[in-house]
Every structure is written in structure tokens, then in C-alpha cells.
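Novice: the sequence isn't on hand, but the structure is:
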């Protein structure tokens with residue numbers, strides 16, 4: 001059995017410094033909003049504070065996962081901590097949904113018992129939150145394009161910035177039109193948006209953790225392409241999974257038409273390696289060569 005690697009483009013170096021800055025900004029925003037929410041009586045402001053607190057937790061998880069993902073592999077951890085960031089994304093997605101459910105419960109209670117709110121305090125604290133989260137969003141935007149963990153942190157921040165914009169609009173409506181019911185409406189809107197964003201991230205990270213074949217890859221297409229190589233008779237017992245943001249793994253049994261030499265297999269291995277990387281983006285390959293072996297030739301075999 002031969003195990004071949006083709007890493008392609010090296011993964012971008014993630015900025016732990018930017019995460020740390022975002023963490024401190026969100027701690028400050030959270031404290032300010034909790035105090036302001038209690039003083040003003042605004043549920044929307046308190047819900048935004050709760051969301052900001054979840055941001056602090058998610059950013060801490062992302063930072064720790066980012067650090068762990070760079071640790072070296074060992075005899076007991078042969079993959080190292082390469083999946084740490086995927087696990088962090090999954091946890092962050094779960095927290096988004098939990099926070100959303102809590103906000104919905106509180107918004108329903110407030111509908112039943114509306115209160116007068118100090119709109120001036122709501123407006124100023126919303127502006128502070130928009131500026132702080134907006135700066136954090138800019139810090140993480142680049143890495144969020146290529147890393148699921150950073151995307152989860154980025155989504156937490158951008159949804160909170162949007163929530164703060166909604167709170168600001170609500171504060172203005174309460175100040176000039178005495179529409180205090182809008183506080184509960186905004187809370188519900190924030191919560192629903194959190195569920196939508198959180199579910200998408202939860203689904204994607206769950207698929208990676210469960211070793212599902214990436215959505216962009218069709219196993220039948222890979223098998224058909226590889227079997228076009230003249231010396232290959234059959235491709236079966238195929239497994240394809242995504243280890244993290246940068247690695248897609250393929251392992252398979254290759255049935256040859258004739259009893260080839262090991263040097264010939266190496267040539268075929270390099271050909272298959274180049275083929276699946278170019279066409280499907282698979283950069284880790286593990287092939288088991290076979291000749292005349294009496295085993296199941298199905299593409300998918302339940303181990």
C-alpha cells in the first residue's frame with residue numbers, strides 16, 4: 001500500500017492577533033450593553049449583549065482551535081489537531097442556535113409585558129457596538145474566505161453588527177415615534193437570522209466531522225476517470241472525506257489487469273495522484289494495489 005501527498009497551495013497563516021483584538025473588543029461591548037440594557041430596560045440591547053457574549057466565547061474557542069491546529073502530529077495523535085478548527089466551527093454554530101432560542105423566548109415574554117425604554121442609551125450603545133464589531137469583521141474577513149473556523153467567528157461578528165444596526169434603528173423609532181413594541185420585534189428578527197446562519201454552519205461542519213464525502217465531489221466520476229487508465233481494471237472500496245479546510249483524502253482498492261511490478265505501480269500512483277488533484281482537488285491519496293484478489297468489487301463497501 002502506498003500513501004501519497006499533494007498539498008497544492010499551502011494554507012494561509014491565520015492571524016491569532018486579530019482574534020485576540022476581536023475578543024477584547026467584544027468583552028468591552030458586552031459589559032457596556034449589559035449595563036446599558038439593565039439601565040434602559042431594552043430587551044433588544046440585552047439580547048445583543050447576550051449575542052456579544054456568545055461572540056466572546058466563540059472567538060475564544062476559535063483562537064484556541066487555531067493554536068491547537070498548528071501542533072505537530074505524534075505517535076498518539078497521527079493527524080495532530082487538524083480537526084480542532086472544524087470542531088470549533090461546530091460548537092460555535094450550536095451556540096448561535098441556542099442563543100437564538102433564548103432570544104425568542106424572551107421576546108415573546110416582552111410582547112406580553114411591554115415596557116418603556118430609555119431610547120437615548122440604546123442608540124449610543126448600538127453605535128458603539130456597530131463600530132467595535134465592524135472593526136472586528138474587517139480584521140477577520142480575509143481568513144474567513146478560506147477557513148471554516150474563522151468563518152464561524154466572522155459570522156458571529158457580522159450577525160452581531162447587523163443586530164446592532166437593527167437595535168440602532170429600533171432606538172431611533174422608540175425615541176421619535178414611541179414605538180416601544182419594536183424592541184421585541186427586533187429581538188425576534190435577530191433570533192431568526194441567527195438560526196438561519198447557525199444552521200448552515202452547523203450542517204457544513206457536521207458533514208466534515210462525520211467524514212461525509214464533500215458536496216463538490218461525485219465518487220462515480222472519480223471512479224470512471226481513474227478506470228480509463230489502461231492498466232487499471234477496477235476501482236472499488238472507495239472512501240473520500242475532508243479532514244479539515246485544506247485536506248481532502250481518497251483511499252481506494254485498485255484492481256490491475258496484470259501482475260505489474262512495484263516500479264510500474266509507482267508510475268500509476270503518480271498518474272492517479274495528478275489526475276484526482278487536478279480534476280477534483282483531492283490532495284491526499286492512499287491506494288491499495290490488487291491483482292486477482294477475490295474480494296468485493298463494489299465501489300462502496302461498508303467496513
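Specialist: Thanks, I have the structure now. All figures in this text were calculated on a predicted structure; none of them were measured in a lab. Residues are numbered from 1 along each chain as shown.

Novice: check contacts around the residue sitting nearest the centre point of the chain.
Specialist: The centroid of the chain falls nearest to residue 148 when counting by CA atoms, centre = their mean (3.4 Å). Taking CB atoms under 8 Å, 6 or more residues apart in numbering, we find residue 148 in contact with 85, 86, 89, 201, 204, 205, 208, 245. No exception for glycine: its C-beta is placed from N, CA and C like everyone else's.

Novice: state the phi and psi torsions of the fourth one.
Specialist: Main-chain torsions, residue 201, degrees, to the nearest 10: phi -70, psi -40.

Novice: that one contacts residue 153, doesn't it?
Specialist: No: assessed by CB atoms under 8 Å, residue 201 is found out of contact with residue 153, at 10.6 Å.

Novice: which neighbours do these two share?
Specialist: Listed as contacting both residue 201 and residue 153 by CB under 8 Å, 6+ apart are residue 92.

Novice: more crowded one of these two?
Specialist: Using other CB atoms under 10 Å as the criterion, residue 201 and residue 153 rank with residue 153 on top: 33 against 21.

Novice: read off the pLDDT value for the more buried one.
Specialist: pLDDT, residue 153: 78.

Novice: for residue 172, same thing?
Specialist: 92.

Novice: near it, how many other residues are there?
Specialist: With other CB under 10 Å as criterion, residue 172 counts 16.

Novice: these two touch, right, it and residue 123?
Specialist: Yes: in this structure residue 172 lies within contact range of residue 123 using CB under 8 Å: 6.4 Å.

Novice: next SSE after the helix or strand of the chain with the lowest mean pLDDT?
Specialist: Lowest mean confidence among the helices and strands of the chain (mean pLDDT, DSSP states H and E): strand 2-5, at a mean of 50. Next helix or strand after strand 2-5 toward the C-terminus (DSSP states H and E): helix 16-40.

Novice: any residues in contact with both of residue 172 and residue 123?
Specialist: Joint contacts of residue 172 and residue 123 (CB under 8 Å, 6+ apart) do not exist.

Novice: measure residue 129 to residue 219 for me?
Specialist: In this view, residue 129 and residue 219 are 46 Å apart by CB to CB, to the nearest Å.

Novice: when the two are compared, which one has more neighbours?
Specialist: The neighbour comparison of residue 129 against residue 219 (other CB under 10 Å) goes to residue 129, with 30 against 17.
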